[in-house]
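**Student:** Sequence first, predicted model second:
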Amino acid sequence: EKERKNDARKSCMSEKIQQFVDKRFNTGLGSDLGLSGINRIYVQFRIEKNGNVTVLGARAPHPRLQQEAERVVNMLPKMQPGKQRGQPVGVLYSLPIVFKVQD
């Protein structure tokens, strides 16, 4: 929130969310499921007008990875909502989670 420009705020938020997910996402799940190489998971969520996070959906190469991604995103803390013309608005967010399974 200290940042003045919107671009700086966006990049800071993306960086902080990525760090949050990196800490909590169980990357060992990929090798447990027999996956290999680079795996990509896409999670869509909304930061509601009241700041709560709502997961809208996820796509992953395996249902367990999808569940794990949704679990981690649901752990995100309450946030300040976006504002448009001074009014709080819901903001859609797409989060790619990429990790590599070592063979």
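**Tutor:** That came through fine.
**Student:** Centre of the chain to the longest helix anywhere in the chain, how far?
**Tutor:** What stands out as the longest helix in the chain, according to DSSP state H, is helix 6-24. A distance of 9 Å separates the centroid of the chain from that of helix 6-24, by CA atoms, centre = their mean, to the nearest Å.
**Student:** And the helix or strand just after that helix, what's buried?
**Tutor:** Downstream of helix 6-24, the next assigned helix or strand under DSSP states H and E is helix 28-32. Judged by neighbour count using 16 or more other CB atoms under 10 Å, the buried positions of helix 28-32 are Leu29, Gly30. Where you see a C-beta, it was placed from the backbone N, CA and C, and this is true even at glycine.
**Student:** how about the helix or strand that comes right after helix 28-32: buried residues?
**Tutor:** Downstream of helix 28-32, the next assigned helix or strand under DSSP H and E is strand 37-47. Across strand 37-47, burial judged by 16+ other CB under 10 Å covers Asn39, Ile41, Val43, Phe45, Ile47.
**Student:** Fine, thanks again, bye for now.
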